[in-house]
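Asker: Provide a 3D model corresponding to the input given below.
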Amino acid sequence: MKKISILLISLVFFSCGAQDLQQSDNPNQDTQENIPHNITFKNLFDARNTEGVECYRIPALVTAPNGDLIAAIDERVPGCADLRGSKDINIVQRRSADNGKTWTEIETVIDFPYGQSASDPSMIVDDETGDIFMFYNYMDLEKEKDVYYLHVIKSTDNGKTWGEPKDITSQISKEEWHNDFKFITSGRGIQTQNGRLLHTLVRLKEGVYLFGSDDHGENWFLIDSPVKPADESKVIQLANGNYMINSRVNTGEGHRYVHVSEDKGLTWETFAEHELVDPGNNASIIRYTSVNEGDDKNRLLFSNSNNAEGRKNLTVRISYDEGKTWSSGKTVYSGPAAYSSMTILENGHIGIFFEKDNYTENAFVSFPLSWLTDGEDSLKGTD
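Answerer: All right, here's what the predicted structure looks like:
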């Protein structure tokens with residue numbers, strides 16, 4: 001196994017301005033109806049501008065303890081095929097120290113020898129220790145094609161460098177699942193109110209499981225109570241301590257499913273969430289504010305492709321009642337838009353990193369709460 005290294009070619013920074021859209025060489029050139037007049041996109045990863053790389057996919061975005069943004073993604077060298085169809089997928093990242101205005105050049109996080117691939121990055125920030133955990137799915141297509149292994153690496157310096165891979169397959173999976181189609185959901189996990197690290201594992205034919213750590217990532221465990229129907233999913237903790245999983249499904253129903261547990265994931269109640277229209281796509285749900293943490297009200301945010309027929313119309317919604325109901329949503333981009341990952345910036349703005357224009361671009365955009373709510377809600381000092 002090749003030793004992990006951070007390849008920082010140079011710290012070339014460039015500003016995020018309206019000219020970025022005007023100068024785009026995207027064949028799916030943005031049209032005025034696709035772009036809200038006061039939203040600006042920054043194209044962070046574009047294979048057309050990277051020699052030797054055919055595709056970037058699967059975005060993950062978090063805010064490090066020092067306020068830096070970390071945007072990680074698959075670098076799919078030979079094409080856009082997923083893990084079991086590509087012998088050369090790496091994990092790369094870019095970082096921003098100024099709320100997404102400027103970014104580092106592309107840095108390599110994971111690069112195994114040809115024939116071994118890493119895919120689907122996701123992250124958890126441990127606010128108690130300051131560590132960041134990055135998870136990914138690993139496969140050796142030369143020796144064990146279609147056998148998925150589950151890895152984690154850790155950064156203790158806000159994502160500037162990463163430690164050696166740790167194989168946690170035996171901790172969060174079962175021996176009899178060895179040949180199953182299983183993978184850690186891309187995007188991000190959470191830290192709960194009592195410090196537990198929590199994330200989602202997909203076992204495609206059987207549903208979605210939670211896994212976690214109660215000792216800051218030293219050891220990991222599986223909660224063997226799957227939820228169905230569910231594919232790629234995100235977990236959050238509600239203000240009352242309950243766990244809630246928001247799930248993509250592949251049933252063709254055109255909406256999300258939600259699962260709620262009152263006993264830390266041992267048992268679940270499942271609901272069809274007709275309000276959250278979805279084509280069957282990975283989405284993002286995060287907490288924006290919490291009364292438990294001294295904020296004025298509870299706010300949850302949800303982003304996805306708000307269209308039952310296809311991956312387009314990236315929309316962000318807000319909930320003030322812990323996900324019981326949602327706003328009608330604000331369109332961030334009405335054109336083709338697939339996977340998305342959200343975070344809260346140091347300045348209080350909402351940041352989204354998403355697959356744009358049929359995977360040709362992977363864009364970052366941010367905005368204040370007042371923009372999302374058309375001025376009906378705001379946080380002091382964030383506009």
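
Asker: tell me the helices in the stretch 101-250 of the chain, going along the chain?
Answerer: Assigned by DSSP state H, counting those that start in this stretch, the helices in the stretch 101-250 of the chain fall at 169-172.

Asker: mind listing the strands in it by residue range?
Answerer: In the stretch 101-250 of the chain, the segments counted as strands under DSSP state E, counting those that start in this stretch are 107-110, 116-125, 132-140, 149-155, 166-167, 182-184, 187-188, 190-191, 197-203, 207-213, 221-227, 233-237, 243-247.

Asker: can I get those in a markdown table with mean neighbour count and distance to F302?
Answerer: In short, each C-beta sits where N, CA and C put it, glycine included. Listed next are the strands of the stretch 101-250 of the chain as a markdown table, based on neighbours: other CB atoms under 10 Å; distance: least, CB to CB, whole Å:
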| stretch | mean neighbour count | distance to F302 |
| --- | --- | --- |
| strand 107-110 | 22 | 28 |
| strand 116-125 | 25 | 17 |
| strand 132-140 | 25 | 22 |
| strand 149-155 | 21 | 26 |
| strand 166-167 | 14 | 31 |
| strand 182-184 | 24 | 21 |
| strand 187-188 | 28 | 13 |
| strand 190-191 | 20 | 14 |
| strand 197-203 | 23 | 16 |
| strand 207-213 | 24 | 17 |
| strand 221-227 | 16 | 18 |
| strand 233-237 | 24 | 9 |
| strand 243-247 | 23 | 7 |
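
Asker: could I get those strands as CSV with mean pLDDT and distance to E176?
Answerer: Shown next, in CSV, are the strands of the stretch 101-250 of the chain (pLDDT from 0 to 100; distance: least, CB to CB, whole Å):
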stretch, mean pLDDT, distance to E176
strand 107-110, 98, 28
strand 116-125, 98, 23
strand 132-140, 98, 19
strand 149-155, 98, 15
strand 166-167, 98, 18
strand 182-184, 98, 11
strand 187-188, 98, 27
strand 190-191, 98, 28
strand 197-203, 98, 11
strand 207-213, 98, 14
strand 221-227, 98, 12
strand 233-237, 98, 22
strand 243-247, 98, 23
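
Asker: roughly how far apart are the nearest residue to F133 once chain neighbours are set aside and S155?
Answerer: Spatial nearest neighbour of F133, excluding adjacent residues (CB to CB, 6 or more residues apart in numbering): I124 at 4.7 Å. According to CB to CB, to the nearest Å, I124 stands 11 Å off from S155.

Asker: list residues touching both of the two?
Answerer: Listed as contacting both I124 and S155 by CB atoms under 8 Å, 6 or more residues apart in numbering are I132.

Asker: Centre of the chain to the edge, which residue is at the far end?
Answerer: Distance from the C-alpha centroid of the chain peaks at K143, with 29.4 Å (CA atoms, centre = their mean).

Asker: Report the rounded mean pLDDT for the longest strand belonging to the chain.
Answerer: Longest strand of the chain, by residue count under DSSP state E: strand 330-344. Averaged over strand 330-344, pLDDT sits at 97.

Asker: Sheet partners, orientation included, of that strand?
Answerer: Sheet pairing here is set by DSSP bridges, and for strand 330-344 it gives strand 312-319 (antiparallel), strand 350-356 (antiparallel).

Asker: Could you take the ones you listed and lay them out as CSV, with extra columns for mean pLDDT and mean neighbour count?
Answerer: As requested, the strands paired with strand 330-344 are arranged in CSV below (pLDDT from 0 to 100; neighbours: other CB atoms under 10 Å):
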stretch, mean pLDDT, mean neighbour count
strand 312-319, 98, 22
strand 350-356, 98, 26
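
Asker: any chance of these in JSON lines, plus distance to G207?
Answerer: Listed next are the strands paired with strand 330-344 as JSON lines, based on distance: least, CB to CB, whole Å:
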{"stretch": "strand 312-319", "distance to G207": "24"}
{"stretch": "strand 350-356", "distance to G207": "25"}
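
Asker: Of all those, which one comes closest to W220?
Answerer: strand 350-356 (25.5 Å; CB to CB).

Asker: What's the first helix or strand after the closest one?
Answerer: Downstream of strand 350-356, the first helix or strand assigned by DSSP states H and E is strand 361-367.

Asker: and that following strand, what other elements does it pack with?
Answerer: Packing partners of strand 361-367 (3 or more CB pairs under 8 Å, 6 or more residues apart in numbering; DSSP states H and E): strand 42-45, strand 55-63, strand 69-76, strand 330-344, strand 350-356.

Asker: now the angle between strand 330-344 and that strand, please.
Answerer: Counting by axes from the mean of the first three to the mean of the last three CA atoms, to 10 degrees, strand 361-367 lies at 90 degrees to strand 330-344.

Asker: quick check: angle from strand 361-367 to strand 55-63?
Answerer: With the same axes, to 10 degrees defining the directions, strand 361-367 sits at 20 degrees from strand 55-63.

Asker: and stretch 252-268, which residues are buried?
Answerer: Residues of stretch 252-268 classed as buried: H255, R256, Y257, V258, H259, V260, S261, K264, G265, W268 (neighbour count, 16 or more other CB atoms under 10 Å).
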